[in-house]
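>>> Requesting a structural model of the entry that follows:
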Amino acid sequence: MNVPQWWLVLSGVFFGAFILLLVALVVMCVMLMTTLRETTQQVRRLADRADEIGQRVESLASGVQTTQRALSGHAQNVAGSVEAIARGIAQKADIIATGFMIFQTIQRLRKR
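Predicted coordinates:
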């Protein structure tokens with residue numbers, strides 16, 4: 001059985017091209033694995049940073065909530081004090097108004 005020369009040459013070219021493509025594919029797979037490892041490490045670092053930021057935000061939110069509670073208590077105390085002062089002023093104003101009415105009545109009686 002004789003195989004034509006052109007068939008052998010064509011087969012050799014295809015086998016050579018296949019070997020080159022296979023080597024290129026192996027090299028690209030190795031490069032891809034290296035890149036994937038680096039990317040995985042970066043993603044882990046980024047996830048760790050996100051966890052740290054989340055913990056800081058939780059701490060900050062807790063601090064804000066504590067401050068808000070304290071300020072709310074102070075505001076209630078101030079409102080209670082203002083209410084007590086206003087009540088005292090209203091009582092004194094009633095006494096002063098009554099005194100003025102008595103004084104005016106006395107003046108009217110003197111004029112007559």
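
>>> From here on, just use CA atoms for contacts and neighbour counts.
Fine.

>>> Run through the helices of this protein in chain order.
Along the chain, counting by DSSP state H, helices occupy 5-111.

>>> where are the low-confidence patches of it?
Residues of the chain that meet the criterion pLDDT under 70 lie in 1.

>>> can you count the residues close to R37?
12 (other Cα atoms under 10 Å).

>>> Check I96 too.
So I96, with other Cα under 10 Å, has 12 neighbours.

>>> Check the spacing between it and I106 real quick.
Using Cα to Cα, to the nearest Å, I96 is found at 15 Å from I106.

>>> Repeat that for S11.
135 Å.

>>> swap in E58?
E58 is 71 Å from I106, by Cα to Cα.

>>> V9 now?
138 Å.

>>> Also Q68?
56 Å.

>>> ditto for A93
20 Å.

>>> same thing with A75?
Per Cα to Cα, A75 is found 46 Å from I106.

>>> Pop out the phi and psi values for P4.
Phi and psi for P4, reported as degrees, to the nearest 10, are phi -60, psi 150.

>>> neighbours around it, how many?
The local packing of P4 (other Cα under 10 Å) involves 8 other residues.

>>> Would you mind measuring from it to L10?
As judged by Cα to Cα, P4 and L10 stand 10 Å apart.

>>> Check N2 too.
15 Å.

>>> Which one's more surrounded, the two?
Neighbours were tallied for N2 and for L10 using other Cα under 10 Å; the higher tally belongs to L10 (11 against 4).

>>> which parts of stretch 86-104 are buried?
Buried residues in stretch 86-104, counting neighbours by 16 or more other Cα atoms under 10 Å, are absent.

>>> hmm, who's touching it?
Around stretch 86-104, nothing counts as a contact under Cα atoms under 8 Å, 6 or more residues apart in numbering.

>>> Alpha carbons of that stretch, in PDB - could you do that?
The C-alpha coordinates for stretch 86-104 follow below in PDB (Å, rounded to 0.1, in the frame of the first residue of the first chain):
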ATOM      1  CA  ALA A  86     -43.300  77.400  82.600                       C
ATOM      2  CA  ARG A  87     -45.700  76.100  85.200                       C
ATOM      3  CA  GLY A  88     -43.900  78.200  87.900                       C
ATOM      4  CA  ILE A  89     -44.000  81.300  85.700                       C
ATOM      5  CA  ALA A  90     -47.700  80.700  85.000                       C
ATOM      6  CA  GLN A  91     -48.500  80.400  88.800                       C
ATOM      7  CA  LYS A  92     -46.500  83.600  89.500                       C
ATOM      8  CA  ALA A  93     -48.200  85.300  86.700                       C
ATOM      9  CA  ASP A  94     -51.600  84.400  88.200                       C
ATOM     10  CA  ILE A  95     -50.500  85.800  91.500                       C
ATOM     11  CA  ILE A  96     -49.100  89.000  89.900                       C
ATOM     12  CA  ALA A  97     -52.300  89.400  87.800                       C
ATOM     13  CA  THR A  98     -54.400  89.000  90.900                       C
ATOM     14  CA  GLY A  99     -52.300  91.600  92.700                       C
ATOM     15  CA  PHE A 100     -52.700  94.100  89.900                       C
ATOM     16  CA  MET A 101     -56.400  93.600  89.900                       C
ATOM     17  CA  ILE A 102     -56.500  94.200  93.600                       C
ATOM     18  CA  PHE A 103     -54.300  97.300  93.200                       C
ATOM     19  CA  GLN A 104     -56.500  98.700  90.400                       C
END
